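Q: After the sequence you'll find the predicted model.
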Amino acid sequence: MPSKTTDISIKAIAPISYTLYYGTFIHTPTLTNLEISFNTIVGVNSQGVIDYIYKEYHPIDHNSQSPIEFFCKQQGTYTDEDVNFIDISRDYTKFFFPGFIDTHIHASQFPNVGIGLDTPLLDWLNKYTFPLESQFCGDGDKKMEFAKLVYTRVIQRTLLNGTTCASYFTTIDPETSNYFAELLLKLGQRGFVGKVCMDCNEPYPKYEESLEDCIKSMNKIIDHLDDINPEFDTLVKPIITPRFAPVCTREMLTYLGNLSKRKSLPIQTHISENKSEIELVAKMFPDCGSYAEVYNRYNLLNEATILAHCIHFSPEECQLIADKNCSVSHCPTSNTFISSGEAPIRKYLYDYHINVSLGTDISGGFDSSILHIIKHAILVSHHLSMKPVEETAIDCKLSMTEGLYMSTMGGARAVGLEDQIGSFTKGKKFDCQLIDLSTTTTTTTATDVFAWQVPQASESADVKYAKMVDLLGKWVFSGDDRNCVAVWCNGRQVVDKTTTTGVDAKSNGVE
Ligand code: GUN
Ligand code: FE
C-alpha cells in the first residue's frame, strides 16, 4: 500500500456525505445507566463525527416536517439534497447500538477456534498456539499468503459481529503484522496492532526472537503504521505487547517499558490466567513478590495498559492495578474453554473501581462475537455467585447493563478512546451497529419476538422503556450476528446486510 493512500476502495478512507440517522438509539454512558432514546435524530458529518442529536422528534409537533426538513431548516448549512437519511423510526424492533470493542483477541489464532478444549494454558500454548503462530514467520511469500487468508477472515468475521474496534495480538513477525494493519484499513475496522514480543520461549524455542530482532521489528511497525494511516485520522495504532512474563527476559521487559514511555504507546499483555502460569512467574521472578509486581517493576502498568484475564489476583495485586489505573480485559469464554477460572468482575468494578472491558481471546476463546461474550460474562458471574463466599463479599452477578457497558464504554476506556467512541455523544465518532430483532421468518434473524412484546408509539415512555429492556434481553441471550444488519466505523458503512431486511436507507455514498 502506498503511503498516505488515496485509494477509496480502502474502506477507512471512503468519502462520505452528511447522514441523518432516525430511530431508537441505545447506549450505556455509565456502568449503571442504560439509556434508550426513541425517535432520535443523529447527524454524522463527512468526518464521521456525530455533530447533531435531537431526541424525541415527532413530525406532528413540528408542522409535519420530516426530520430532514427540520434539520436543514434548523441548521441552515445543508439542503435535503446533501443529506442522506436512514430511517428505522417506524419499527421498534430495530435500534442503533455503539459498535462493540474487543480488547483482547489473537488475530493469528483464528484458525484454531474451537480446538483444544480443556487443555490447560501452558500445554495449550505448546500444543496448539505456538505451532500455528510459527506459520506467520520466515521469509518469502508463503507466510504472506497464510496471513492473507487468516487475517482477512478474522477481520471480516468480527465486523459481521458488530466489532468496530479491537486490540489485536498478531505474532512475533513484523511483515505480516504490518500487512494486518493494512487489512484493517482496507476493511474499515479501527484497531490496535500488537506484534507479540517474546525472547525466551524455552518450551518451544522455535518460536521466539532475539531482543535485537524485536527492537528492529517494533521500529518497522511503528514507522509503517505512521505511514499508512489516513491523513485525516489515526485508525490503526501499534500497541506494545509483551506476550506474558514467562516468555520475556528482564531486558525485553525493560526495553518495552521504556519504549512505551518514549513513544506514548499503549500496552497489552496476559496476567494471572492460570495457576501453573502464576507458579512459573513466581519461580522466574522471585524478587518481585507477585505477578502484577513483575510488570510494575518494568514500568508496564499505567492507564494505557490492558491486562487480559486477571483471574487469580491477591488483594495487593487488585490494589496495584487500581492504583495504576490499568484496565482489565475480561475473557470469560476463554477462561471457561481452557478451564482457567472465574474472574470476580464485580469485585474489580465496585470494590476497586477498576475499568473492565471484554475480550474474545480468540482462540483460547471460541467465539468471535462480543455479544456472546457479554452473555458468557453474565453466566460465569452467576456461577461465581452460587459458590460459598465471605459474608462481606459483593454480589457477583453482573447485570445486562454492566455487560453492555463493558462491551462498549469499558472497552473505549481500555483502549484510551473514551472521548471518541463507545457511546452516542456529540463530538464522538460514529462507530455503530444496527440491530434488528424483527422476525419475519425463523431463518433471517436469531430472535423470536412476539407482537405484544414490541413497544408501541402510543404507549407511555415508561412502558416503552421496560419493553425495550426486555427486547435487549432477547438480543443478549438469544441473538447472534444475524441481528447485526449494518455496521459503521468512523461514519463509514463497513457491513450492510440491510437489502434483505427492509431497512429504509438511501445511498450513503459507499459502494
Ligand atoms: N498467555 C500467553 N499467551 C497466551 C495466549 O496466546 N492466549 C492466552 N489465552 N493466554 C496466553
Ligand atoms: Fe490471550
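A: Perfect, thanks for sending it. Ligands and ions are numbered 1, 2, ... in the order given.
Q: Against ligand 1 - does stretch 262-272 have any residue that ends up touching it?
A: Yes - contact of stretch 262-272 with ligand 1 (C-beta under 6 Å from any ligand atom) involves His270. Heads up, the C-betas are built off the backbone N, CA and C, glycines and all.
Q: just how off-centre is that stretch within its chain?
A: 16 Å (C-alpha atoms, centre = their mean, to the nearest Å).
Q: Regarding it, how distant is the last residue from the first?
A: 27 Å (C-alpha to C-alpha, to the nearest Å).
Q: Would you mind listing what in the stretch 201-350 of the chain touches ligand 1?
A: Residues of the stretch 201-350 of the chain lying near ligand 1 (C-beta under 6 Å from any ligand atom): Arg243, Phe244, His270, Glu273, Ser334.
Q: If I look at the residue lying farthest from the centre of the chain, what pLDDT would I see?
A: Within the chain, the residue lying farthest from the chain centre (C-alpha atoms, centre = their mean) is Asn63, at 42.2 Å. pLDDT for Asn63: 96.
Q: Just name the closest of the residues of the stretch 201-350 of the chain next to ligand 1 to Ser37, please.
A: Taking C-beta to C-beta as the measure, Ser37 sits nearest to Ser334 out of these, at 34.2 Å.
Q: list the contacts for the residue farthest from the centre of the chain?
A: For Asn63, the contact set (C-beta atoms under 8 Å, 6 or more residues apart in numbering) is empty.
Q: can you check Gln65 too?
A: Taking C-beta under 8 Å, 6+ apart as the test, what Gln65 contacts is Pro59, Lys73.
Q: Same check on Thr401?
A: By C-beta under 8 Å, 6+ apart, the neighbours of Thr401 are Thr28, Leu31, Thr32, Asn33, Leu34.
Q: out of the residues of the stretch 201-350 of the chain next to ligand 1, which are inside helices?
A: Per DSSP state H, helices hold the following members of these: Ser334.
Q: In the protein, which residue sits nearest ligand 1?
A: Per C-beta to the nearest ligand atom, Gly364 is where the chain lies closest to ligand 1, at 3.2 Å.
Q: What is the neighbour count of the residue nearest to that residue when sequence neighbours are not counted?
A: Closest residue in space to Gly364, ignoring its immediate chain neighbours: Ser334 at 3.4 Å, by C-beta to C-beta, 6 or more residues apart in numbering. Burial of Ser334 is recorded as 26 neighbouring residues (other C-beta atoms under 10 Å).
Q: Ok, Gly194 next?
A: Using other C-beta under 10 Å: Gly194 sits among 30 other residues.
Q: Ramachandran coordinates for it?
A: Phi and psi for Gly194, reported as degrees, to the nearest 10, are phi -110, psi 100.
Q: do the same with Tyr352
A: phi -120, psi -10.
Q: State the distance from the residue nearest to it when sequence neighbours are not counted to Glu279.
A: The shortest distance from Tyr352 to any residue other than its chain neighbours is 4.2 Å, reached at Ala322 (C-beta to C-beta, 6+ apart). Remark: distance between Ala322 and Glu279 (C-beta to C-beta, to the nearest Å) = 24 Å.
Q: So for these two, which residue has more residues nearby?
A: Taking other C-beta under 10 Å, Ala322 and Glu279 do not tie; Ala322 has more neighbours (15 against 10).
Q: So that one belongs to a helix, correct?
A: Yes - assessed with DSSP: H, G, I helix; E, B strand; the rest coil, Ala322 lies in a helix.
Q: Settle this for me: it is touching Ile354, isn't it.
A: Yes - with contact defined as C-beta atoms under 8 Å, Ala322 and Ile354 form a contacting pair (5.2 Å).
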